[in-house]
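Here you go, sequence then predicted model.
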Amino acid sequence: MKGYLSDRMGAALLMAPLLLFLALAYAWPFLGVVKWSFTLPTPGVGQYEALLTDDLVQSVFIRTLRIAAIVTLVSVAAAYAITVVWVRGTPTQRLVAEFCILVPFWISVLTRAFGWVALLSNRGLINSWLQAVGFISEPLALVRNEFGVIVGMTHFLIPFAVFPLASAMRALDDRVLLAARGLGSSRMRTFWSVFVPMTRSGIIGAAMIVFVFSLGFFVTPAILGGGRSVMVAELIYLRIFQSPDWGLGAAISVVLVLFVGALMALLFRYVRPRQLI
Amino acid sequence: MPTYRPGPVTLIIAALVALFLLMPLLAVIPVSLTPSRMLAMPSGELSLRHYRALIEDPRWIDSILLSIRIGIVSSVFSTLLALCFSLGVWMFQPRFTAALVGFVLLPMVVPPVVSAITLYFLLTSISGVNSLFGYDTWLGVAMAHSVMTVPFATVLMLVSLSQLDRRIDLAARGLGASVWQRATRIIMPNIKFGIITAALLSFVLSWEEIGVTLFITSVNAITLPRLMWMGLRDNIDPAIAALSVILIIITVLVLAVRSIAVRQRG
């Protein structure tokens, strides 16, 4: 009995500091944000009504969902191709693929957004080159619009889509593919009818991760959208710092958390957390 | 070894994706060498003036030193908290473990902008009571970064603990070792690699943190990413290109060393 008690004490003592820290520095202030959404500027659910009626907020929500959907589709497809090479290529191919996945992954979001500014802006690499060659006389508008945001976000999120896909592809039993080939299926058919369906859990996991990340994305849209293609996260920032309307900013945050929470709950009905690493 | 290799179509698409992934990283190199004051391609001569600006302009040095200081403090703090928590989970397997771990992982899964407004609320509330940890102070930033990095540190610890053989701990326990001895003499030496990785990852995450930092700093606690952000939003300063090149080179070197080390180990 004594051992049992001291075990529980030990666990409590070891686990308490972190739990206490997060309760005070994260859970409590989050409740404060929820309180803002119901009390600022006036008590009541006015801020949530505004979310449903305000045209600007509506258009930002719709743009966010649209961009997130496009980015998810493109990044998962792109990640799939490079993951196949990373997992099943020759040793050299695998090394090159790994380099191309991990180097961008470890480089900060700011540096990567800046790289796209250097490529896409009016005086950037692509426009200078196209003008020098004589293809165009006026620079193309590649940045400070939705196109730039989608390019930058896709670039940021591809490595995140790679990991669940790689985990699903590594778990695939090679003999299944051999069997399909042995039964006379073409390479193409084996890929589309066996390989892709059998990595479904990776595809679902990757799509969910990318979609959820896209919804709350801040830095890349703010830099590459140039204030013209505002997404939800930037709208929250603007409501807090530029047109001080803390209540509305807080209400949008609460809605965003609930939406992401619902998506995660849906995800974990299909995929176990372990499969995502 | 896989018997099923990627075909030519997959290889071509993958090569295009690889090019897409590397392109923006390569693009900053020519920009960093431009002699112009503005963002531009170098036409003709090259110049290292933007690299010199990084060393000579005290703003860059100050923010680099600040980011290092914040990174070290928040990394040590979050590694310690995560280590204790994970030891508690592993050694005693308390009830509600899943719920407690889920709670600890929240800052990792909640959209960063929501964590940012949450920490903004926290630090502005503290500012009224205590000026040391409040809004726009370096300790406040270190605390906020700890909140953001501690879930990642915890995941790494729990993963490396899950690979540890429970029987060695049982043996120590059977031989009469106290909880403290089991933790420090048996378990911690065996997850040393996980602890170091957690500390390094926490430092890196704090070093590049911008989403939250943007909400909780204004003029005093200007970390390096915050300074880069300021240079990116208004007139784009080519010194950012020079800094980016340096950061990219460091990343490539670290990854190369790591991959060689991994290859030699196994």
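Yep, it's here. Residues are numbered from 1 along each chain as shown, chains lettered A, B, ... in the order given.

per-residue confidence at A:Gln275?
We note a pLDDT of 59 for A:Gln275 in this prediction.

Just list the residues touching A:Arg88, thanks.
Shown in contact with A:Arg88 (Cβ atoms under 8 Å, 6 or more residues apart in numbering or on different chains): A:169, B:2, B:4-6. Every C-beta, even on glycine, is put in place using the N, C-alpha and C of the backbone.

Okay, and the residue at minimal distance from the centre of chain A sits in which element?
Centrality entry for chain A: nearest residue to the mean C-alpha point is A:Phe213, 2.5 Å, by Cα atoms, centre = their mean. Using DSSP states H and E, A:Phe213 falls within helix A:200-215.

What lies in contact with that helix?
Residues from elsewhere that reach helix A:200-215 (Cβ under 8 Å, 6+ apart): A:64-65, A:67-69, A:71-72, A:75-76, A:79-80, A:153, A:157, A:160-169, A:196, A:232, A:256, A:259-260, A:263-264, A:266-267, A:270-271, A:275-276, B:109, B:111.

Off-centre distance for that helix?
8 Å (Cα atoms, centre = their mean, to the nearest Å).

Kindly report the same for stretch B:61-76.
From the chain centre to the centre of stretch B:61-76 is a distance of 12 Å (Cα atoms, centre = their mean).

Give the buried residues for that stretch.
Neighbour counts using 16 or more other Cβ atoms under 10 Å in any protein chain shown place B:63-64, B:66-67, B:70-75 of stretch B:61-76 among the buried residues.

That stretch near chain A at all?
No: Stretch B:61-76 does not reach chain A (Cβ under 8 Å from any Cβ of the partner chain); its nearest approach is 11.0 Å.

Domains of chain A: list them as residue ranges, please.
Domain assignment for chain A by automatic domain parsing gives A:1-39, A:46-276.

Now do the buried residues in the first one.
Which is domain A:1-39. Buried residues in domain A:1-39, counted by 16+ other Cβ under 10 Å: A:10-11, A:14-15, A:18-19, A:21-22, A:25-26, A:29-30, A:32-34, A:36-38.

Chain B next: which of those are close?
A:10-11, A:14-15, A:18-19, A:21-22, A:25-26, A:29-30, A:32-33, A:36.

The single nearest residue of the stretch 51-200 of chain A relative to chain B: neighbour count?
Closest to chain B within the stretch 51-200 of chain A is A:Gly115: 2.7 Å, counting by Cβ to the nearest Cβ. By the criterion of other Cβ atoms under 10 Å in any protein chain shown, A:Gly115 has 27 neighbours.

in which helix or strand would I find it?
Using DSSP H and E, A:Gly115 maps to helix A:109-120.

Could you export that helix as PDB, keeping only the C-alpha atoms?
The C-alpha trace of helix A:109-120 is given here as PDB (Å, rounded to 0.1, in the frame of the first residue of the first chain):
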ATOM      1  CA  VAL A 109       9.200  30.100 -42.800                       C
ATOM      2  CA  LEU A 110      10.400  33.600 -43.200                       C
ATOM      3  CA  THR A 111      13.400  32.700 -45.200                       C
ATOM      4  CA  ARG A 112      11.300  30.600 -47.500                       C
ATOM      5  CA  ALA A 113       8.700  33.300 -48.000                       C
ATOM      6  CA  PHE A 114      11.500  35.700 -48.700                       C
ATOM      7  CA  GLY A 115      12.900  33.300 -51.300                       C
ATOM      8  CA  TRP A 116       9.600  33.400 -53.100                       C
ATOM      9  CA  VAL A 117       9.500  37.200 -53.000                       C
ATOM     10  CA  ALA A 118      13.000  37.200 -54.600                       C
ATOM     11  CA  LEU A 119      11.700  34.900 -57.300                       C
ATOM     12  CA  LEU A 120       8.200  36.200 -58.000                       C
END
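
which residues touch it?
Contacts for helix A:109-120 (Cβ under 8 Å, 6+ apart): A:104, A:124-127, A:142-143, A:148, A:151-152, A:155-156, A:219-220, A:223-224, B:23-25, B:27-28, B:31, B:39, B:208, B:210, B:225, B:228-229, B:232, B:236, B:240-241, B:244, B:247-248.

List the buried residues in the helix or strand following it.
Of the helices and strands lying after helix A:109-120 in sequence (DSSP H and E), the nearest is helix A:125-133. The neighbour-count check on helix A:125-133 (16+ other Cβ under 10 Å) flags A:125-128, A:131 as buried.

out of the residues you listed, who's near chain B?
Filtering the buried residues of helix A:125-133 for proximity to chain B by Cβ under 8 Å from any Cβ leaves A:125, A:128.

Would you map the helices across the stretch 101-250 of chain A?
In the stretch 101-250 of chain A, the helices defined using DSSP state H, counting those that start in this stretch lie at A:109-120, A:125-133, A:146-170, A:174-182, A:187-190, A:196-198, A:200-215, A:219-224, A:232-241, A:246-270.

pLDDT and distance to A:Ser243 for the buried residues of helix A:125-133 - can I get that in TSV?
Formatted as TSV, the buried residues of helix A:125-133 follow (pLDDT from 0 to 100; distance: Cβ to Cβ, whole Å):
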residue	pLDDT	distance to A:Ser243
A:Leu125	86	36
A:Ile126	89	35
A:Asn127	89	34
A:Ser128	85	37
A:Gln131	88	39
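
what's the closest of the buried residues of helix A:125-133 to B:Ala221?
Proximity of those to B:Ala221 (Cβ to Cβ) peaks at A:Leu125, which lies at 34.1 Å.

Isn't the closest one up against B:Leu26?
No: counting by Cβ atoms under 8 Å, A:Leu125 does not reach B:Leu26; the two are 9.2 Å apart.

which residues do the two both contact?
Listed as contacting both A:Leu125 and B:Leu26 by Cβ under 8 Å, 6+ apart is no residue at all.
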